[in-house]
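Undergrad: this one's structure only:
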């Protein structure tokens, strides 16, 4: 399923990115955690269980910071 892409998680509930290892939130994209596709999907599914669209977490493909 995964093709090497890693994902950032945006919390609509907290208006911030998830930090690494689900350890809080940050508004700085560079400090955001990088998650595998499977981990990101699992967290999005869990957040969607609340049934409130404005609180659902979104997964976004991370930029390649290497410059290649």
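TA: Now that the structure is in, tell me what you want to look at. Everything numeric here is computed off the predicted structure, so don't read it as measured data.
Undergrad: Spatially central, which residue of the protein would that be?
TA: For the chain, the residue nearest the mean C-alpha position is residue 9 (1.2 Å; Cα atoms, centre = their mean).
Undergrad: ok, now which ones touch the residue nearest to residue 61 when sequence neighbours are not counted?
TA: By the measure of Cβ to Cβ, 6 or more residues apart in numbering, the closest residue to residue 61 outside its immediate chain neighbours is residue 5, 5.3 Å from it. Yep, even glycine has a C-beta here, placed from its N, CA and C like the rest. Counting by Cβ atoms under 8 Å, 6 or more residues apart in numbering, residue 5 makes contact with 37, 61, 62.
Undergrad: and the strand or helix carrying residue 47, what does it pack onto?
TA: Secondary structure assignment for residue 47, by DSSP states H and E: helix 37-48. Taking 3 or more Cβ pairs under 8 Å, 6 or more residues apart in numbering; DSSP states H and E as the contact definition, the neighbouring helices and strands of helix 37-48 are strand 7-11, strand 57-61.
Undergrad: and the ones you listed, which is most packed in?
TA: Highest mean neighbour count among the helices and strands packed on helix 37-48 (mean count of other Cβ atoms under 10 Å): strand 7-11, with a mean of 20.
Undergrad: and it with strand 57-61, angle?
TA: For strand 7-11 and strand 57-61, the angle between their directions (axes from the mean of the first three to the mean of the last three Cα atoms, to 10 degrees) works out to 150 degrees.
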